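> Predicted model, plus sequence, below.
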Amino acid sequence: MKAVVFHGINDLRVEEVRKPQPKPGEAVIRITATTICGTDVHIVKGEYPVRPGLILGHEPVGIIEELGAGLGAEYAVGQRVIVGAITPCGQCFYCLNGTHSQCHGPLGGWRFGNTINGAWAEYLLVPDARANLALVPDTLTDEQVLMLPDIASTGISGAESGNVRTGDSVAVFAQGPIGLCATLGARLRGAALIVGIDPVPERREMARRFGASVTLNPAECDVVAELKRMTEGRGVDVAIEALGGQPTFEAALRSVRPGGILSSLGVYSGKLVAPYEAVYAGLGDQRIVTTLCPGGKERMRRLMEMVATRRMDLTPLVTHRFALDDLHEAFELFSHQRDQVMKVAIFPDAQAAGLRSRAEAVAVQG
Ligand SMILES: [Zn+2]
Ligand SMILES: [Zn+2]
């Protein structure tokens, strides 16, 4: 089968590899659509280590191709499914304590394109299939569910972990795909004031579509002062950090009122500092919570319900489409944030998706 294999820093190759075979409890799905995540960019740049030889990608939409033993009562070949980026086992210490994303240990629930082969391929082996294969209703298209395995689940969890309540004031730092979904999550949970913060005008525009009542450009104003001004000097009830840097983490912390919550979604490196005045010398009754994308089939079912009932629509995030053969081009565009890209959709079967890969186009012309 065709797959995109990570061979080292800045070295991705589209190549032929062996098609996976399912063992008992596992399934193989034929990927019909997948995408590229900011985390993949970190991996390719060498900022998050994975082993060379691994197929990357953790956002699968596909069709069941083959079932390992023990799954026949619940699933059938040919069913359309999504699988969360996080594939918990449902049975270990962490899963049974309710922290499924930390399955078997720190970040252990994240396996696709991290510790096992991922979704940038024609076929994907799904571990613990009974806990992770989520059937897609016929009424939903691949692109309608493509953002659910990671971006939507992660972003919305920012509002859930922040325990956003009816009437809350919420600030969301950064309006990339995850920040936009956090903005959406704040709206769905009934926040009154939702402030979307980002220096890029198109992203602030999109933030309003996703539920922001106000947007701020951090390059043009003192965000913390503005947020305090909007909340009678108190600071917001919930601040969501959706970038992963000291400046946004610190601004989020400084903008949370005493007793409020900083809900952090960012992926950080180096040291994270909390200045004493931002936490009221450690006596401010604030909480800092971190969340890794919630996965598993029940999470995916709930998110699909929200799309099916038109409570949310994530298709505006898909701005570009590519064949798997053209992954380099897609990666180049996405990693450099060119052409106002938000998310790219990647299709292993370019013809079925109505695309023609560059490689094929050249062959036809030749
Ligand atoms: Zn991701
Ligand atoms: Zn587990």
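Looks like it arrived, so ask away. None of these values were measured; they are calculated from a predicted model. Ligands and ions are numbered 1, 2, ... in the order given.
> looking at this protein, which helix or strand is least sure?
Taking mean pLDDT, DSSP states H and E as the measure, helix 358-365 is the helix or strand of the chain with the lowest mean score, a mean of 57.
> quick one, strands of the stretch 151-300 of the chain?
Here the stretch 151-300 of the chain has its strands, by DSSP state E, counting those that start in this stretch, at 169-173, 193-197, 214-216, 236-241, 256-264, 287-290.
> for the fourth one, which positions count as buried?
By neighbour count, with 16 or more other CB atoms under 10 Å as the criterion, the buried positions of strand 236-241 are 236-241. All C-beta spots, glycine's among them, are computed from the backbone N, C-alpha and C.
> what sits against P20?
P20 sits next to 28, 117, 123-125 when contact means CB atoms under 8 Å, 6 or more residues apart in numbering.
> One more pass at 10 Å, please.
Taking CB atoms under 10 Å, 6 or more residues apart in numbering, we find P20 in contact with 1, 3, 26-29, 55, 65-66, 116-117, 121, 123-126.
> Check V28 too.
By CB under 10 Å, 6+ apart, the neighbours of V28 are 1, 19-22, 62, 64-68, 77, 123-126, 129.
> which parts of the chain sit against ligand 2?
88-89, 92, 95, 103 (CB under 5 Å from the ion).
> try 6 Å
88-89, 91-92, 94-95, 103-104 (CB under 6 Å from the ion).
> Now the phi/psi pair for the closest residue to G296 other than its chain neighbours, please.
Excluding its sequence neighbours, the residue lying closest to G296 (CB to CB, 6 or more residues apart in numbering) is P88, at 5.1 Å. Main-chain dihedrals, P88, degrees, to the nearest 10: phi -70, psi 150.
> Could I get the pLDDT score of P88?
At P88, the pLDDT value in this model is 98.
> That one and Y280, how far apart?
Applying CB to CB, to the nearest Å, the value for P88 to Y280 is 36 Å.
> Which two among the buried residues of strand 236-241 are spaced furthest apart?
For these, the maximum inter-member distance is 14.8 Å, found between D237 and E241 (CB to CB).
> Just list the residues touching the residue in the stretch 101-250 of the chain positioned nearest to ligand 2, thanks.
For the stretch 101-250 of the chain and ligand 2, the shortest gap (CB to the ion) falls at C103, measuring 3.2 Å. Contact analysis of C103 by CB under 10 Å, 6+ apart lists 86-95, 109-111, 128, 131, 295-296.
> before we move on, what about L327?
Residues counted as contacts of L327 (CB under 10 Å, 6+ apart) are 2-4, 12-14, 34, 36, 56-57, 120, 334, 344, 346, 348, 357.
> rewinding a little: quick one, which of the contacts of V28 are buried?
In these, burial by neighbour count holds for 1, 19-20, 22, 62, 64-68, 123-126, 129, counting by 16+ other CB under 10 Å.
> correct me, but the residue nearest to G296 touches P294?
Yes - applying CB atoms under 10 Å, one finds P88 in contact with P294, separated by 9.0 Å.
> who's in contact with the residue of the stretch 1-150 of the chain found nearest ligand 1?
For the stretch 1-150 of the chain and ligand 1, the shortest gap (CB to the ion) falls at C37, measuring 3.0 Å. Listed by CB under 10 Å, 6+ apart, the contact set of C37 reads 43, 56-59, 85, 113, 149-151, 154, 177-178, 293, 334, 343.
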